[in-house]
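>>> Sequence first, predicted model second:
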Amino acid sequence: MKQWQERLAEPVDTPAVVVHYNVLEQNIRDMAAFAMQNGVHVRPHVKTHKTTEIAALQMRYGAVGLTCAKLGEAELYLAQGFREVLVAYPLVGATKLARLFDLLARYPHAHLQTIVDSAAQAEALAHAATQHGVTLPVWVKIDSGLRRCGVQPGQEAVELVRTVRELPALHLMGLLTHAGHAYAAATAEQVRAIGQAEAECLLQTAKLLQAQGMALSGISVGSTPTVQVSGAVPGVTEIRPGNYVFCDATQVRLGVTTADRCALRVFTTVVSRPAPDRIVIDAGAKTLALDKGAHGSDAVQGYGTVVGHSDFVIERLSEEHGVVRIPAASTVQLGDCLEIIPNHACPVVNLTDELLVLHEDGRTERWTVQARGKTK
């Protein structure tokens, strides 16, 4: 696999988070083609990249809207002119609801949506929507196996759908899930099985609803590892992948992609070689994140893959230092620049102010990570 620094017109100050534009665009184009082939909409999750440039590129390739993790992201994207925004997070409490309905008032032509996973939360949203004189689109969140948020599929979900349909000022968009537990899978076969179950639990619940006179049309699935399985199941209407724009070492481990399709790397400099079998780099936890991949995995070795050096292991991170075990015979030396495919691209982006975007001709530009730190 080629090192990107060979294409650079000038050296990069490190640590730097570098995105290869052509690879990024190809990843977005391929997901759009998959969606078109399977007759589903793409509503990509922007928490991976947190930039308006990449969101605009996703919309250019046919995305129907954006998925946000938090209201802070939604506030930014609405302010930047995006009008189809889903906040795929349970909004609870007076402060969050005040912010939500302030956005609805400020952007009356936007289609701002959110999720519900309990009757109590749905009732609070309905009460606030009634007070503000608006109708709020909502999705019922189903737990497809992650055991995080979401109501159980089947009759439990049917009861929540019935509650939502009976409440005033709420408009039910459909059923939604996220099979994030696929990140802990040990094999590609397990990933495929999780993806199939992800879609089927929603479709079986939809069948129960139809039998009870509550037919709905929206079936929304997510998770980059599973999306090309769940998104191909007939009856699914939309997909919400996020990590696919960059991919990372975890996606490679899961068999989702290959390293050459990882669009994001961390450039770092060797600042010390205190022992023949150990170097220290200037990318620590504040750059690479103390992350073994989304939701963790014991199968990941170290804190990223060093491009061109499969025998290097990033063993330890402190805040500003990375400690890397290397073969004693390695010729790497002080001042060398290494390139790392991180375990999990999403927190890496959230830790940096900007992305250095590398074009095929060696030209670079800088994209501000505008939604960095938007965790409220």
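Sure, I can see it.

>>> tell me which residues of stretch 321-338 are tucked away?
Residues of stretch 321-338 classed as buried: 321-324, 326, 332, 337-338 (neighbour count, 16 or more other Cβ atoms under 10 Å). C-beta: built from backbone N, CA, C; applies to glycine.

>>> From those residues, which land in strands?
Judged by DSSP state E, the buried residues of stretch 321-338 include 322-324, 337-338 as members of strands.

>>> neighbouring contacts of the helix or strand that contains Val19?
Assigned by DSSP states H and E, Val19 belongs to strand 16-20. Contacts to strand 16-20, defined as Cβ atoms under 8 Å, 6 or more residues apart in numbering, come from residues 4, 12, 246, 263-267, 287, 339, 348-349, 352, 354-358, 367.

>>> okay, the lengthiest strand in the chain in CSV with CA atoms only?
Looking across the chain with DSSP E, the single longest strand is strand 264-275. The C-alpha trace of strand 264-275 is given here as CSV (Å, rounded to 0.1, in the frame of the first residue of the first chain):
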residue,chain,number,x,y,z
LEU,A,264,-8.3,8.9,6.5
ARG,A,265,-4.8,8.6,7.9
VAL,A,266,-2.9,10.2,10.8
PHE,A,267,0.5,11.5,9.8
THR,A,268,3.0,11.4,12.7
THR,A,269,6.7,12.0,13.2
VAL,A,270,9.2,9.8,15.1
VAL,A,271,10.4,12.0,17.9
SER,A,272,12.5,9.5,19.8
ARG,A,273,14.1,6.0,19.5
PRO,A,274,15.2,5.3,23.1
ALA,A,275,15.7,1.6,22.4
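
>>> Remind me what it packs against, helices and strands.
strand 16-20, strand 278-281, helix 285-288, strand 337-341, helix 345-350 (3 or more Cβ pairs under 8 Å, 6 or more residues apart in numbering; DSSP states H and E).

>>> Quick check: which ranges of the stretch 151-300 of the chain have low pLDDT?
293-299 (pLDDT under 70).

>>> For it, just list every one of the strands.
Counting by DSSP state E, counting those that start in this stretch, the stretch 151-300 of the chain has strands at residues 170-177, 218-222, 238-240, 264-275, 278-281.

>>> Name all residues that make contact with Thr352.
17, 287, 369, 372.

>>> and of the residues you listed, the nearest to Phe82?
The nearest member of those to Phe82, counting by Cβ to Cβ, is Val369 at 16.3 Å.

>>> how about the closest residue to that closest one other than its chain neighbours, what does it touch?
Nearest residue to Val369 in three dimensions, chain neighbours excluded: Lys50, at 5.0 Å (Cβ to Cβ, 6 or more residues apart in numbering). Contacts for Lys50 (Cβ under 8 Å, 6+ apart) come out as 73, 349-350, 369-372, 374.

>>> Among the residues you listed, which one sits closest to Cys201?
Nearest to Cys201 among those, counting by Cβ to Cβ, is Glu73 at 27.1 Å.

>>> ok, Glu73 to Val85 distance?
Distance check for Glu73 against Val85: by Cβ to Cβ, to the nearest Å, it reads 8 Å.

>>> Could you do Val306 as well?
Distance from Val306 to Val85, by Cβ to Cβ: 38 Å.

>>> same deal with Leu8?
Distance from Leu8 to Val85, by Cβ to Cβ: 36 Å.

>>> Who has more neighbours out of those two?
Taking neighbours as other Cβ atoms under 10 Å, Leu8 and Val85 compare with Val85 leading, 24 against 17.

>>> Doesn't the more buried one belong to a strand?
Yes. Using DSSP: H, G, I helix; E, B strand; the rest coil, the assignment for Val85 is a strand.

>>> List the contacts of it.
Val85 is in contact with 65-68, 74, 77-78, 110-113, counting by Cβ under 8 Å, 6+ apart.

>>> Dump those to CSV, plus pLDDT.
CSV is the format used below for the contacts of Val85 (pLDDT from 0 to 100):
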residue, pLDDT
Gly65, 98
Leu66, 98
Thr67, 98
Cys68, 98
Ala74, 98
Tyr77, 98
Leu78, 98
Ala110, 97
His111, 97
Leu112, 98
Gln113, 98
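
>>> Give me the subset of these lying in strands.
66-68, 111-113.

>>> which of these are buried?
66-68, 112-113.

>>> For those, give me CSV that also has distance to Leu97.
Listed next are these as CSV, based on distance: Cβ to Cβ, whole Å:
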residue, distance to Leu97
Leu66, 21
Thr67, 20
Cys68, 16
Leu112, 13
Gln113, 15
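
>>> ok, back up a step: touching both of Glu73 and Val85, which residues are there?
Contact criterion Cβ under 8 Å, 6+ apart; residues shared by Glu73 and Val85: none found.

>>> Please tell me how far the closest residue to Ala74 other than its chain neighbours sits from Phe101.
The shortest distance from Ala74 to any non-neighbouring residue, by Cβ to Cβ, 6+ apart, is to Cys68 (4.5 Å). Separation of Cys68 from Phe101 (Cβ to Cβ): 16 Å.
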